[in-house]
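> sequence unavailable; structure follows:
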């Protein structure tokens, strides 16, 4: 008799186990998510460290938390005051729409002209910050605490507020967040290039050890680079990721076009950096490292980003006449209709012909488009470069070259970054990459089979660093591009692909730790030196001038004077001005030149005529600018002597000291302290109003 077992019943003494199968894809997903979380956490930590660091340096330098709002505004000199004034406009407007309209149709920045400041000054950071402030304030998320500060030295007490509701504090806190994004993105870039977390941390360490040569955000928060440089790094990261993608998709196009748009609308200099980027991308394509589809994806994304920026900048003509637009046009012509022609040439002639055609077409397109649009706003860039290599000088170039930041690079930055081993590390990483590339080219030339491939992302970033090096050598201010990219390139030392001398990964990491230890000998000292900078802001002369104007001049009084002072007066008095420090526009350059005839050797009546033509009612004179007539060729009187040498030969006296000491008619001195003089530009015809009589 056979027995049968019910499959639904358990056999006595046995246990049923549920078996769960884990697929390889699930393990990969968990691993990738863990990796993303780890990278995100490290990026947040290094971002917070830099944000906190620059905030402390700024506070130590100015004691910002204990200043009144007027004093805080006074610390924003030159262009900083101009940019912050538009944030203040949005915050104080009746509504966000009203504030935006005041930016869109502004008649107090270049009186009597009505200009679109969003088009001219790249003010989207202020528009975003102002909208965010108003939104958070509306929801009750902002708070502040105020107290009275006794200043002593015969100065009255002031009210000082601290907290997120205080506009200056809110504004600079946004800047500190963007500063944190800089180091976070440097970590991600380093990690992506090297494939190692240590490779991501190495650029961050280099950045902190060379902080003073990498950024000036802690001294000049409102400048455009404070907002735009993190976006620049994000754009470079998006391009780097795309170069490694053989078949890039819509995500690559979206990331590049979006970051390109944001970069351009935040900084007028973006077009020059993106021009060098396009040159680098074209170079690695011509050298056979980047495939055509990937290059065209990057170019199309750049074009989309540029066109979006043109729309958001209300058809800004400088973008159409920029080197970026011209070189994009040249690259597309060479790689599409002319590509089949160039492919018939042998390798070396093809490369040479492509490069010559690229620069030739770019130059022709640039000149043709500029003439078609009648745009000369960037003509001063050519004149500035011309003045560096020839004896060419004019009024506008001297205003630039007399500023230290527009001089040649000099030896200070290379010496400091060599002491922290930054330049040696970046140079070694570059040499290792070049060696790898030449080995690849040699094998290809000898028709040897090889599985080795050149990393287009590393190649692009090295070329980008090289372009930054040339820019920094020509104009010292641009070292703020070059030095951070030196830090990024140093990450290649953590890559197993380029450093192959070590038998194990552990030895490689140990050597890198030793390298950081050697960097720390000077690097930690640099950080301590920064931390020891202590100061307290005070500018009694400017404060007296601003308070006098607010109390004694009508709201529509039109002012003119030195560019840095004009930015402060626009910000803190709200009076119309005729000139300002944003010197990129050809019209502003000519207006400023007319105002600055006050520092020439012209006769007072001629200076007066220039001011009346500009509808100036009050002229502001600054003692250092007015009374200093000789300063190694850089006093404004000496600048005018280059323009008008005949007046110096005739021994004509500088007019400004005369206006300061013995003010001639038709000027009338109505205010003076140790730093400033205010002159009333008196009209030649006076309206005689009969005395009022009582009605009979």
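Thanks, I have it. What you are looking at is a predicted structure, and each value in this text was computed from that prediction instead of being measured.
> how about low-confidence regions in the stretch 551-696 of the chain?
683-696 (pLDDT under 70).
> which residues of it fall in helices?
Here the stretch 551-696 of the chain has its helices, by DSSP state H, counting those that start in this stretch, at 563-573, 586-595, 604-613, 623-626, 636-643, 645-649, 655-661.
> who does the third one touch, helix- and strand-wise?
Just to be clear, that refers to helix 604-613. For helix 604-613, the packing partners by 3 or more CB pairs under 8 Å, 6 or more residues apart in numbering; DSSP states H and E come out as helix 586-595, helix 655-661, strand 676-681. Any C-beta I mention is one placed from the backbone N, CA and C, and that applies to glycine too.
> in the protein, which helix is the longest?
helix 24-62 (DSSP state H).
> what packs against that one?
helix 167-194, helix 197-209, helix 505-531.
> so after that helix, what's the next helix or strand?
Heading C-terminal from helix 24-62, the first helix or strand you meet, by DSSP states H and E, is helix 69-75.
> can you list the neighbours in contact with that following helix?
For helix 69-75, contacts defined as CB atoms under 8 Å, 6 or more residues apart in numbering pick out 62, 64, 67, 81, 84, 88, 158, 161, 166-168, 537-539, 542-543, 546-547, 568, 571-572.
> sorry, back to before: out of the helices and strands packed on helix 24-62, which comes closest to residue 430?
Comparison of the helices and strands packed on helix 24-62 against residue 430 by CB to CB identifies helix 167-194 as nearest, at 12.4 Å.
> quick check: the spatially most central residue of the chain vs residue 179, distance?
Nearest to the geometric centre of the chain sits residue 225, at 1.8 Å (CA atoms, centre = their mean). According to CB to CB, to the nearest Å, residue 225 and residue 179 sit 11 Å apart.
> ok so, going back, filter the contacts of helix 69-75 down to the buried ones.
62, 64, 67, 81, 84, 88, 158, 161, 166-168, 538, 542-543, 546, 568, 571-572 (16 or more other CB atoms under 10 Å).
> burial of residue 114, as a residue count?
Applying other CB atoms under 10 Å, we find 12 residues neighbouring residue 114.
> pretty sure it is touching residue 108, no?
No: contact criterion CB atoms under 8 Å: residue 114 and residue 108 do not qualify, at 9.6 Å.
> residues contacting residue 303?
By CB under 8 Å, 6+ apart, the neighbours of residue 303 are residue 328.
> how about stretch 106-118: buried residues?
106, 108-111, 115-118.
> pick the one among those closest to residue 636.
Out of the buried residues of stretch 106-118, the member with the shortest distance to residue 636 (by CB to CB) is residue 110, at 20.9 Å.
> tell me the secondary structure for that closest one?
coil (DSSP: H, G, I helix; E, B strand; the rest coil).
> that one: what's it in contact with?
577-580, 587-588, 591.
> quick check: residue 630 vs residue 511, distance?
Going from residue 630 to residue 511 by CB to CB gives 56 Å.
> do the same with residue 115
Distance from residue 115 to residue 511, by CB to CB: 57 Å.
> and residue 71, how many residues sit next to it?
With other CB under 10 Å as criterion, residue 71 counts 23.
> state the pLDDT value of it.
On pLDDT, residue 71 comes in at 92.
> ok, the one 4 residues further on next?
The pLDDT attached to residue 75 in the predicted structure is 94.
> what comes up buried for the helix or strand containing residue 348?
Per DSSP H and E, residue 348 falls inside helix 347-373. For helix 347-373, burial by neighbour count (16+ other CB under 10 Å) applies to 350-351, 353-354, 358, 361-362, 365-366, 369-370.
> look up the closest residue to residue 634, ignoring the ones flanking it.
The spatially closest residue to residue 634, leaving aside those adjacent along the chain, is residue 402, at 3.7 Å (CB to CB, 6 or more residues apart in numbering).
> before we move on, back to that, quick one: contacts for the residue nearest to the centre of the chain?
With the criterion set at CB under 8 Å, 6+ apart, residue 225 makes contact with 217, 267, 269, 480.
> can you pull out the helices in the stretch 301-450 of the chain?
Counting by DSSP H, counting those that start in this stretch, the helices of the stretch 301-450 of the chain are 317-320, 323-335, 339-342, 347-373, 379-389, 395-401, 412-419, 422-445.
> any weak-confidence spans in this structure?
1-31, 151-156, 377, 447-451, 683-696.
> related to what we said a few turns ago, so how far is residue 205 from the residue nearest to residue 634?
On the measure of CB to CB, residue 402 and residue 205 end up 37 Å apart.
> more neighbours: the two, which one.
Neighbour count, other CB under 10 Å: between residue 402 and residue 205, residue 205 has more, with 21 against 17.
> okay, now the spatially closest residue to the more buried one that is not a sequence neighbour: neighbour count?
Excluding the flanking residues, the one nearest residue 205 by CB to CB, 6+ apart is residue 516, at 5.7 Å. By other CB under 10 Å, the residues close to residue 516 number 16.
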